[in-house]
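Student: Could you work out the structure for the sequence below:
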Amino acid sequence: MKAVLFAKPSKRLPGKHLMDFCAEPMIKRIFRTLESTGLFERVIILSKYDNLGIEGCRVEKDESKGTLINSLVDSIKILEEFIAVGGDMPLLDADIIENLVGHYHGRPVAAANSDGLIEPLFAIYNASIFADLLEFSKKNRKISPFVEERFELVRMDPEQSAKLANVNTLEELNNARLQAGCLNLNRQ
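Tutor: The predicted structure is shown next:
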C-alpha cells in the first residue's frame with residue numbers, strides 16, 4: 001500500500017506545510033513518520049502548490065481540478081489503494097497509523113474522532129469505491145458524506161483524536177508544537 005500526503009495552499013495559514021515544526025518543515029515530519037512505520041511501499045506528497053520541493057521527499061503535482069474529492073478520485077484511478085493523510089497533521093505517530101491500517105481488510109476505513117468528526121484525510125481508499133465516488137463527485141464537493149456512508153469508521157479515543165489535529169492557524173501550530181515538545185514556539 002502507498003501513503004499519500006495531501007497538500008494544498010492554505011488561505012488561513014499560507015505556507016503552513018513548510019513552517020518549522022520541531023526543526024523541520026511540518027509536512028516533512030509527517031512524511032518521515034509515515035515512512036518510519038515500514039507499512040508503505042511508497043510515501044508521496046501530492047501537492048497543489050506550484051513548487052513544493054522538500055529535500056528527501058517524493059513530491060508529485062496534483063493536477064486534479066476542483067476540491068479534495070477530485071484529488072481523491074484521481075488518486076484512486078492512479079494508485080488503486082492508499083492511505084490518505086492530511087499534510088497538516090504533525091502530531092500523527094506510528095501507533096495511530098498502525099491502528100488505522102490494522103482495521104483495513106479490503107474495505108475502505110476512515111478515522112472518526114472521539115467527538116464523531118470523520119477524517120477523510122486519515123482514511124484508506126481503494127478501487128472498490130472508484131465508480132461510486134466518481135459519480136458522487138459530479139454532484140457533491142464534500143467528501144465527508146460519502147466517507148460516512150461507505151467506509152468502516154474507526155472510532156478514536158480522545159488521546160488518538162488529539163493526534164489528528166489539523167493546523168490551520170498560527171495558534172494551532174503553536175499548540176501542536178507545544179504538544180510535540182518543540183522548544184521554540186516563535187519560529188515559523
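
Student: What is the neighbour count of the residue nearest to D88 when sequence neighbours are not counted?
Tutor: Of all residues not flanking D88 in the chain, V167 sits nearest, at 4.6 Å (CB to CB, 6 or more residues apart in numbering). Every C-beta, even on glycine, is put in place using the N, C-alpha and C of the backbone. V167: 26 surrounding residues under other CB atoms under 10 Å.

Student: and what of G102?
Tutor: 11.

Student: coming back round to it: secondary structure class for the residue nearest to D88?
Tutor: coil (DSSP: H, G, I helix; E, B strand; the rest coil).

Student: List phi and psi for it.
Tutor: Dihedral angles of V167 (phi, psi; degrees, to the nearest 10) stand at phi -100, psi 110.

Student: which helices and strands sit right next to the helix or strand bottoming out on mean pLDDT in the chain?
Tutor: One helix or strand of the chain scores below all others by mean pLDDT, DSSP states H and E: strand 59-61, with a mean of 90. If you count contacts as 3 or more CB pairs under 8 Å, 6 or more residues apart in numbering; DSSP states H and E, strand 59-61 packs onto strand 42-47.

Student: picking up where we left off before, the inter-axis angle of the next helix or strand after the least confident helix or strand of the chain versus strand 42-47?
Tutor: Once the chain leaves strand 59-61, the next helix or strand it forms, by DSSP states H and E, is helix 68-79. Angle, helix 68-79 to strand 42-47, by axes from the mean of the first three to the mean of the last three CA atoms, to 10 degrees: 140 degrees.

Student: next helix or strand past helix 68-79?
Tutor: Per DSSP H and E, the first helix or strand lying C-terminal to helix 68-79 is strand 81-86.

Student: elements contacting that next one?
Tutor: By 3+ CB pairs under 8 Å, 6+ apart, strand 81-86 packs against strand 2-7, helix 26-36, helix 68-79, helix 94-102, strand 118-126.

Student: can you list the residues that contact that strand?
Tutor: Here strand 81-86 makes contact (CB atoms under 8 Å, 6 or more residues apart in numbering) with 1-6, 30, 34, 40, 72, 75-76, 92, 97, 100-101, 119-127, 166.

Student: Give the buried subset of those residues as a PyMOL selection command.
Tutor: A single PyMOL command is used to select the members of the contacts of strand 81-86 judged buried by 16 or more other CB atoms under 10 Å:
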select buried, resi 2+3+4+5+6+30+34+40+72+75+76+92+97+100+101+119+120+121+122+123+124+125+126+166
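
Student: Tell me where the model's unsure across this protein.
Tutor: Within the chain, the ranges that satisfy pLDDT under 70 run 183-188.

Student: Now with 90, please.
Tutor: 9-11, 15, 48-59, 65-66, 182-188 (pLDDT under 90).
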